[in-house]
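> build me a structure from this.
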Amino acid sequence: MTWKIADFDELAAAELYEMLKLRVDVFVVEQNCPYPELDGLDQKSVHLAYRENGKILAYSRLVPGEIKYGVPSIGRVIVSPDARGRGLARKLMCKSIDFIFNEWQPEEIRLQGQVYLKEFYQSFGFNAISDVYDEDGIPHVDMRLDKKGLSGRLK
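Model (predicted):
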């Protein structure tokens, strides 16, 4: 059981393939949402993955501030279907938030979340900053976490 955080260039080809396959399996196939999963942001991002018994079970992509929103963002938050219900999503988000605030030291973090996960993201202190909108056939909302609102939430 290990957590790994790596820049794109530090990933082995097989490791990157496994991350991308998990993302496509869930975001494109499971959610029946054909969209361009490979969006050009991976090469500029940091990748956080949890591996158990040789298999990636949880993953997130951490995008530096100058790339997408002007502030760092968390995206592609995913837990493998066979590992859901074990609290990995909460651990993944805690590690993602912790890395961004400790390594990049921004004043805020953003994410673009599926609406059904809004309360989950709010449990970390994220607040909606947009109305609900359609993104590739799935309702989404933009959310922001201010560093000031973080205290005590990463458990």
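
> in this structure, what secondary structure element scores lowest on mean pLDDT?
Every helix and strand of the chain was ranked by mean pLDDT, DSSP states H and E. The lowest is strand 133-135, at a mean of 93.

> who does it touch, helix- and strand-wise?
strand 138-146 (3 or more Cβ pairs under 8 Å, 6 or more residues apart in numbering; DSSP states H and E). Every C-beta, even on glycine, is put in place using the N, C-alpha and C of the backbone.

> okay, buried residues for the strand it packs on please.
Under the neighbour-count criterion of 16 or more other Cβ atoms under 10 Å, strand 138-146 has 140-145 buried.

> what's the average pLDDT for it?
The average of the pLDDT scores along strand 138-146 is 96.

> partners of that strand, with directions?
strand 108-114 (antiparallel), strand 127-128 (antiparallel), strand 133-135 (antiparallel) (DSSP bridges).

> which of the buried residues of strand 138-146 sits closest to Tyr50?
For the buried residues of strand 138-146, the residue nearest Tyr50 by Cβ to Cβ is Leu145; the value is 20.9 Å.

> can I assume that closest one is in contact with Pro106?
No - the criterion here is Cβ atoms under 8 Å, and Leu145 misses it with Pro106 at 9.8 Å.

> now the helices for this structure?
With helices called from DSSP state H, the chain shows them at 13-23, 88-99, 118-122.

> quick check: angle from the longest one to strand 138-146?
Counting by axes from the mean of the first three to the mean of the last three Cα atoms, to 10 degrees, helix 88-99 points 40 degrees away from the direction of strand 138-146.

> check which helices and strands helix 88-99 is in contact with.
Other elements packing on helix 88-99 under the criterion 3+ Cβ pairs under 8 Å, 6+ apart are strand 2-7, strand 46-52, strand 55-63, strand 73-79.

> let's have the ones you listed in CSV, adding distance to Asp98, mean pLDDT and mean neighbour count.
Formatted as CSV, these follow (distance: least, Cβ to Cβ, whole Å; pLDDT from 0 to 100; neighbours: other Cβ atoms under 10 Å):
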stretch, distance to Asp98, mean pLDDT, mean neighbour count
strand 2-7, 10, 96, 12
strand 46-52, 10, 97, 20
strand 55-63, 11, 97, 21
strand 73-79, 11, 96, 22
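
> good, we can wrap up now.
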